[in-house]
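Chemist: Coordinates only, no sequence provided:
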């Protein structure tokens, strides 16, 4: 619950940030530049940050804690921090020096002023990305000690600084200079995000002193597991950068619109996929007993987690597919961001929505592998997914629109659809490989059918409301349409006896009786 609460606050603040960003930038050239620039230094955070540390560091650190070896756990944490700080500092410096070459490699379609602005932004943002890697290390410590809320809510401060920067300077600056000011705001917010976690980390980790005890067996285990996890995360990032590269050849606004759509897409993944995976990983990593007992325990927790995730992700996917224009307009439609832009983002979401469930369930499956200290198997399947997504994405983005006789800008939807198809292939491989270790896992067909049916019926009701009561205000319209959608979904699943629906209703009633 605390994981979901922290992530919810973080993601809501992120959506507010994106809404304010959309107000001042819309789908302009400056928006393209900032979105592209934001990706490049964040490569550090994504490669060295939460995902990789969760796979390599948390299982080792949490296992030491579960065996009462707190002092040893502290020495391991200190050594990993020192190694991270050294490596990331060198990479930040290298990134700043080689920025023009990175721009040419990642967004070669950018030219002129847009390219120059992107270079300036990347050089400013790189140090902030390095700080966010340290924030991910703090998250690993806090999560292993069961302190989930602070680590996942800390990005609220980062978003708050960026929002304040936009509001403070947006009314008096044109988009290009505003983008440069916003980059500095991002760096300041990154420092604040790390700083708020440090006191709690210092109080939890024993014997935390800078050191390079790389010969400790547990440190070597973390480093050994870090390699495949790093490569796996890098392969995933390659997919994101291939998407940005292809989108850079599409008309102005494609890169920005892809970023807006990804922010909406990642919200349910974070709330219901990452929260469950993050909460389960330390628990799974601390499993004790013989091989059969551990397998039974992991299978039980995995299947329960899959059901919890699917209960929320399936209606989220249907909502993005059927009512994505309503959602995009409610979040972004203001200032320079028009209803025309909202429809564009909806088209991109329509390509992402079919793969939402596969992507989210895949995270939970990967957590099981990480708990088993197997980081290589997820890597192999991630490579397969990226290769397939790239092979399908290139023709989907650049060849399909002319063949269909539609505008070239809709090639972005071809990119997201290709990623969706590849995500289902990866999930199938992860599930099939794990069968030999844990036995049969996954969602029962009858359970999934109930959720999909309830979500489709809810979407039909939402569409009827949308057609019958058009509202000029996007936020009011979203409330008017999405609330019946959600209530119909909950009522049908509750009536069919879906345990997750019954538990949700019971929780709401308890909170109401308690006056909360």
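Modeler: Noted; the coordinates are in hand. Note that the coordinates shown come from a computational prediction; the quantities given were computed from them, not determined experimentally. Numbering: from 1, shown residues only.
Chemist: shaky segments in the stretch 51-200 of the chain?
Modeler: Residue ranges of the stretch 51-200 of the chain with pLDDT under 70: 51-55.
Chemist: Helices of that one, start to end?
Modeler: In the stretch 51-200 of the chain, the segments counted as helices under DSSP state H, counting those that start in this stretch are 70-97, 99-106, 112-144, 148-153, 155-170, 175-195, 198-204.
Chemist: I'd like these laid out as a markdown table, including mean neighbour count.
Modeler: In short, each C-beta sits where N, CA and C put it, glycine included. Putting the helices of the stretch 51-200 of the chain into a markdown table (neighbours: other C-beta atoms under 10 Å) gives the following:
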| stretch | mean neighbour count |
| --- | --- |
| helix 70-97 | 18 |
| helix 99-106 | 17 |
| helix 112-144 | 23 |
| helix 148-153 | 22 |
| helix 155-170 | 20 |
| helix 175-195 | 20 |
| helix 198-204 | 15 |
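Chemist: if we compare those helices, which one ends up closest to residue 264?
Modeler: Closest to residue 264 of these, according to C-beta to C-beta: helix 155-170, at 15.4 Å.
Chemist: Quote the end-to-end distance of stretch 103-112.
Modeler: One end of stretch 103-112 to the other measures 12 Å (C-alpha to C-alpha, to the nearest Å).
Chemist: got the contact list for that stretch?
Modeler: The contact list for stretch 103-112 (C-beta atoms under 8 Å, 6 or more residues apart in numbering) reads 32-33, 36, 39-40, 115, 118-119, 122, 241, 244-245, 248-250, 255.
Chemist: how about the helices of the stretch 51-200 of the chain in JSON lines, adding distance to residue 484?
Modeler: Converted to JSON lines, those look like this (distance: least, C-beta to C-beta, whole Å):
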{"stretch": "helix 70-97", "distance to residue 484": "48"}
{"stretch": "helix 99-106", "distance to residue 484": "43"}
{"stretch": "helix 112-144", "distance to residue 484": "37"}
{"stretch": "helix 148-153", "distance to residue 484": "30"}
{"stretch": "helix 155-170", "distance to residue 484": "30"}
{"stretch": "helix 175-195", "distance to residue 484": "37"}
{"stretch": "helix 198-204", "distance to residue 484": "42"}
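Chemist: residue contacts, residue 439?
Modeler: For residue 439, the contacting residues are 295, 299, by C-beta under 8 Å, 6+ apart.
Chemist: closest one to residue 382 among the helices of the stretch 51-200 of the chain?
Modeler: helix 112-144 (18.8 Å).
Chemist: what angle separates the closest one from helix 70-97?
Modeler: Taking axes from the mean of the first three to the mean of the last three C-alpha atoms, to 10 degrees, one finds helix 112-144 and helix 70-97 inclined to each other by 180 degrees.
Chemist: Would you confirm that residue 114 contacts residue 31?
Modeler: No - Residue 114 is beyond contact range of residue 31, at 10.1 Å (criterion: C-beta atoms under 8 Å).
Chemist: Tell me which stretches of the stretch 201-350 of the chain form helices.
Modeler: Secondary structure of the stretch 201-350 of the chain, counting by DSSP H, counting those that start in this stretch: helices at 217-248, 254-268, 275-285, 291-332, 339-352.
Chemist: Number of residues surrounding residue 456?
Modeler: Neighbour count for residue 456, taken as other C-beta atoms under 10 Å: 16.
Chemist: So it versus residue 479, what's the distance?
Modeler: According to C-beta to C-beta, to the nearest Å, residue 456 and residue 479 sit 21 Å apart.
Chemist: contacting residues for the nearest residue to residue 265 once chain neighbours are set aside?
Modeler: Spatial nearest neighbour of residue 265, chain neighbours left out: residue 352 (4.7 Å); criterion: C-beta to C-beta, 6 or more residues apart in numbering. Taking C-beta under 8 Å, 6+ apart, we find residue 352 in contact with 261, 262, 265, 320, 416, 417, 419, 420.
Chemist: same thing but at 7 Å, please
Modeler: Contacts for residue 352 (C-beta atoms under 7 Å, 6 or more residues apart in numbering) come out as 261, 265, 320, 416, 420.
Chemist: want to try CSV for those, with neighbour count as columns?
Modeler: Shown next, in CSV, are those (neighbours: other C-beta under 10 Å):
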residue, neighbour count
261, 25
265, 24
320, 25
416, 26
420, 22
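Chemist: Spell out which residues make up each domain of the chain.
Modeler: 2-443, 445-516 (automatic domain parsing).
Chemist: Which of those comes out lowest on mean pLDDT?
Modeler: The minimum mean pLDDT among the domains of the chain belongs to domain 2-443 (a mean of 84).
Chemist: ok so, going back, adding distance to residue 387, write the helices of the stretch 201-350 of the chain out as JSON lines.
Modeler: JSON lines is the format used below for the helices of the stretch 201-350 of the chain (distance: least, C-beta to C-beta, whole Å):
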{"stretch": "helix 217-248", "distance to residue 387": "9"}
{"stretch": "helix 254-268", "distance to residue 387": "20"}
{"stretch": "helix 275-285", "distance to residue 387": "24"}
{"stretch": "helix 291-332", "distance to residue 387": "24"}
{"stretch": "helix 339-352", "distance to residue 387": "19"}
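Chemist: Sounds good, over and out.
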